[in-house]
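Enquirer: What shape does this take:
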Amino acid sequence: MVVAKYPATHGHTTVINNLCINLQKLGYKTGIGAFSFEKNPPSNIEKIKLNKSKLLFYGVNYLDFDIIHSHQSRVNYYLLLVKPTKPIVQHYHGASNKIQEKNFQLMMKLYRNRINKIVSVSKAGISQMKKMVNNINADVVYNGVDTKFFNTNLPRPYHKGEPQLLFVSALRKYKNTDKLILAMPKILEIYPKAHLQIVGDGEEISHLNNLICKTKMENHIELTGKVSNDELKLYYSSCDIYISASAFEVCPVPTLEAMACGKPLVLFDIEPHQEIIEQSQAGLIFSNSSEDIAKQVHEIYSNKESYGKHAQIFAKNHDWGKISLQMSEIYQKL
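Expert: As a prediction, the model looks like this:
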């Protein structure tokens, strides 16, 4: 599994780590390759510090692995300059800005014929790729979730409201977290004890803090900052509804983690969210207005047990063990 820097973004790292761990259980030798490491890979997963000079001279052929699985576009400029003699898998997680879009387009123009298989984390991801590059053929392998770690039998130490709402993400502008803050007054008209927790950090955190103060929502909205995985699962278990206003996703990992804890969904109207809701029947989609957010929260909270059961079923069908079996089938064909 290859990225430029490890750990990569939260979603990439979660996918890479869990694929490595679960493929190893199936008998594979797995490793994580990067040009730099800020922390070590999970226990028993090999760490391979990539050498740019060797890659530019020998290509991936110097690496002692049968399949090279790339998770970013830009690393392929090094991986694929020399024609590879072993299969290359490109894993599409999304292109959330213009630079990433241009990188994907250029990489595909230069090296498309040297990639043996493209994997997308959703059907929506294939739609996104087709807008950037014509005639894309890709297999869908959804992101997974550890249903033993994230489950419905956890305590609820962070439950503070009725209903308790939760959003988990790196706090970037396109995540539209401010829409959730601005919707809280409408939600409070229906549920005066409602509470929203926002877990994560990023460049938007100062703006969001200021907005909470400006709207006088300090008693109803909490910015927790980044938390450990052990804490994170308790935030999921403590909420009643998982909510996201994000304008760009491909297959969001936090959504699956919340579903594994039996939590229903209220998600913004974008294609990847629609895909999750249509396949799982675990929640509802909302439009751009605060009124519609409040309406869908009310509908979900009134029927949270039913939606929550659908969420849990969907998560169990997307446990990392099952996702890794799908990836193994692709490797075996290669």
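Enquirer: mind checking how far the strand or helix carrying Tyr78 is from the chain centre?
Expert: Assessed by DSSP states H and E, Tyr78 sits inside helix 76-79. From the chain centre to the centre of helix 76-79 is a distance of 24 Å (CA atoms, centre = their mean, to the nearest Å).
Enquirer: And it, what does it pack against?
Expert: Applying 3 or more CB pairs under 8 Å, 6 or more residues apart in numbering; DSSP states H and E, we find helix 76-79 packed against helix 52-58, strand 68-70, helix 98-111. For glycine as for every other residue, the C-beta is placed from the backbone atoms N, C-alpha and C.
Enquirer: contacting residues around that helix?
Expert: With CB atoms under 8 Å, 6 or more residues apart in numbering as the test, helix 76-79 has contacts from 2, 50, 52, 55-56, 59-60, 68, 70, 88, 90, 107, 110-111, 115.
Enquirer: Filter those residues down to the buried ones.
Expert: The neighbour count (16 or more other CB atoms under 10 Å) marks Val2, Leu50, Leu55, Gly59, Val60, Ile68, Ser70, Ile88, Gln90, Met107, Tyr111, Ile115 as buried among the contacts of helix 76-79.
Enquirer: Could I get the pLDDT score of the second one?
Expert: It stands for Leu50. Leu50 is assigned 97 on the pLDDT scale.
Enquirer: With the fourth one instead?
Expert: Here the pLDDT value assigned to Gly59 is 94.
Enquirer: quick one: contacts for it?
Expert: Contact partners of Gly59, counting by CB under 8 Å, 6+ apart, are Leu79, Leu80, Leu81, Val82, Lys83, Pro84.
Enquirer: which residue packs closest to the fourth one, ignoring adjacent ones?
Expert: To tie it back to what came earlier, the one meant is Val82. By the measure of CB to CB, 6 or more residues apart in numbering, the closest residue to Val82 outside its immediate chain neighbours is Gly59, 2.9 Å from it.
Enquirer: And the last one, by the same measure?
Expert: Ranked by CB to CB, 6+ apart and with sequence neighbours excluded, the top spatial neighbour of Pro84 is Val60, at 5.0 Å.
Enquirer: Can you check my assumption that that neighbour lies in a helix?
Expert: Yes - counting by DSSP: H, G, I helix; E, B strand; the rest coil, Val60 is part of a helix.
Enquirer: That one and Pro87 touch, don't they?
Expert: No - proximity of Val60 to Pro87 does not meet the contact threshold set by CB atoms under 8 Å, at 9.8 Å.
Enquirer: which residues are in contact with both of these two?
Expert: Ile68.
Enquirer: And the average pLDDT for the longest helix belonging to the chain is what?
Expert: When the chain is parsed with DSSP state H, its longest helix is helix 10-25. Averaged across helix 10-25, the pLDDT comes to 93.
Enquirer: cool, stretch 202-221 as well?
Expert: Here stretch 202-221 scores 96 as its mean pLDDT.
Enquirer: Report the buried residues of it.
Expert: For stretch 202-221, the neighbour count (16+ other CB under 10 Å) marks Glu204, Ile205, Leu208, Leu211, Ile212, Met217, His220, Ile221 as buried.
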